[in-house]
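Student: coords please:
(one chain, ligands or ions: 1)
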Amino acid sequence: MISLQGVTKRYGAKTAVDDLSLELKPGTVTGFLGPNGAGKSTTMRIILGLDRPTAGAALIGGRPYRELERPLRTIGALLDAKAVHPHRSGRDHLRAMALSQRIPYARVEEVLGLTGMAEAAGRRAGSYSLGMSQRLGIAGALLGDPEVLMLDEPVNGLDPDGVRWIRTLLKSLAGEGRTVFVSSHLMSEMEQTADRLVVLGKGRLIADEPMERLLRGAGVVVRGPALEPLAEVLLDARWTGAGELTVTGPSVEQVGDLAYELGLRVHELRAVESSLEESYMRLTEGDVEYGAVAV
Ligand SMILES: Nc1ncnc2c1ncn2[C@@H]1O[C@H](COP(=O)(O)OP(=O)(O)OP(=O)(O)O)[C@@H](O)[C@H]1O
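Tutor: Below is the predicted model of the structure:
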């Protein structure tokens, strides 16, 4: 539903997004990760037509944002929760949005209910906490009942209940067949919410994979009474306990078959999952622009 084709964005000498091609599919929560300054917000702004790419194209349902007739009905977005007129009430903010797209006011009340904002809707948006502003922003994104939802750091400022609420909401929206694209810095949150992950580093795509594949790959543990021949033939094997080797690279099947061919007795053979945080650190090594310098 969202398709990026060779999108590049330069600001002077700085390349914020570098030849990025992506397909975001309906029915899926796609997480968007990357170190600070990797180009995530720029990518989202380009999708929404707020920034013009230097090269390439971003299409929503085959059309650029600017060509959508009633964009809120096609794509709902939350980029900056605080970008709301501070003197307007939450309800009036949503009503103004609804009016611009010929969405009935009854839908405003519906999304206020959905986001737990019905009670606070009469108050000035400027008096909202960050968490309440995030909820109002999500209400705005849902207003047009769009097929595509794009949220930049939606759990920012939410308490644990709010975080759980967002997780359930995003999954159920994808379950209804919508395309959900969400950025976050909270790895554990992404691990629980996203089906697929797109990782950017210095504007370039460094991974676009199903979550389970990213969580795999930390290695294979094999335990047995005399595994020395296995350690000799496998380059990336290291001893991690008494009679226990951890191997990176080959699959469980390959390690098992090799042990069999070498005539070795195996008492345990299992794949070790890494956390998303570990996989992410491995992937983005060398792509962190503003990381701490070890001294
Ligand atoms: N309007 C602009 N003018 C000049 N440079 C910009 C502009 N907008 C973004 N950049 C630069 O482009 C790069 C990508 O920025 P972007 O905000 O997209 O990253 P990000 O991945 O969203 O980062 P964060 O996680 O910190 O929000 C950064 O180096 C940033 O300084």
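Student: could you list the residues of this structure in contact with the ligand?
Tutor: Along the chain, the residues adjacent to the ligand under the rule CB under 6 Å from any ligand atom are Tyr11, Lys14, Ala16, Gly34, Asn36, Gly37, Ala38, Gly39, Lys40, Ser41, Thr42. Using the backbone N, CA and C atoms, a C-beta is placed for each residue, glycine as well.
Student: repeat the analysis, applying 5 Å as the threshold.
Tutor: Applying CB under 5 Å from any ligand atom, we find that the chain lies next to the ligand at Tyr11, Ala16, Asn36, Gly37, Ala38, Gly39, Lys40, Ser41, Thr42.
Student: got the phi and psi for the third one?
Tutor: Per-residue torsions, Asn36: phi -50, psi 130 (degrees, to the nearest 10).
Student: per-residue pLDDT, it?
Tutor: We have a pLDDT of 85 for Asn36.
Student: number of residues surrounding it?
Tutor: For Asn36, the neighbour count with other CB atoms under 10 Å is 10.
Student: quick revisit: and the residues of the chain next to the ligand, which are buried?
Tutor: Taking 16 or more other CB atoms under 10 Å as the criterion, what is buried in the residues of the chain next to the ligand is Ala16, Gly37, Ala38, Gly39, Lys40, Ser41, Thr42.
Student: among those, which are in strands?
Tutor: Among these, the members falling in strands (DSSP state E) are Ala16.
Student: what segments of the stretch 101-250 of the chain are helices?
Tutor: For the stretch 101-250 of the chain, applying DSSP state H, counting those that start in this stretch gives helices covering 105-114, 130-142, 160-175, 187-193, 211-215, 228-233.
Student: can you lay out those as TSV showing mean neighbour count, mean pLDDT and distance to Ile46?
Tutor: Listed next are those as TSV, based on neighbours: other CB atoms under 10 Å; pLDDT from 0 to 100; distance: least, CB to CB, whole Å:
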stretch	mean neighbour count	mean pLDDT	distance to Ile46
helix 105-114	16	94	26
helix 130-142	23	91	18
helix 160-175	16	91	22
helix 187-193	18	83	22
helix 211-215	17	76	25
helix 228-233	13	93	49
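Student: between those helices, which one is nearest to Thr30?
Tutor: Among the helices of the stretch 101-250 of the chain, the nearest to Thr30 by CB to CB is helix 160-175 (9.0 Å).
Student: now do the closest one and helix 130-142, the angle between them.
Tutor: Calculated by axes from the mean of the first three to the mean of the last three CA atoms, to 10 degrees, helix 160-175 forms an angle of 10 degrees with helix 130-142.
Student: quick one: contacts for Glu209?
Tutor: Arg196, Leu197 (CB atoms under 8 Å, 6 or more residues apart in numbering).
Student: for it, give the beta-bridge partners.
Tutor: Glu209 has these beta-bridge partners by DSSP bridges: Leu197.
Student: still on that earlier bit, for the residues of the chain next to the ligand, which one is nearest Arg88?
Tutor: Proximity of those to Arg88 (CB to CB) peaks at Ser41, which lies at 24.4 Å.
Student: any regions of the stretch 151-295 of the chain where pLDDT drops low?
Tutor: 216-218, 274, 286-295 (pLDDT under 70).
Student: swap in 90 and give it another go.
Tutor: 154-165, 184-192, 199-202, 206-207, 209-219, 234-238, 240-241, 246-251, 271-295 (pLDDT under 90).
Student: and the most centrally placed residue in the chain, helix, strand or coil?
Tutor: Most central in the chain under CA atoms, centre = their mean is Gly31, positioned 1.4 Å from the mean C-alpha point. Using DSSP: H, G, I helix; E, B strand; the rest coil, the structure places Gly31 in strand.
Student: OK, contacts around it?
Tutor: Neighbours of Gly31 in contact, by CB under 8 Å, 6+ apart: Val182, Ser183, Ser184, Met190, Thr193, Ala194, Arg196, Leu197, Val198, Met211.
Student: ok, now Leu48?
Tutor: With CB under 8 Å, 6+ apart, Leu48 has these contacts: Tyr65, Ile75, Ala77, Leu79, Met150.
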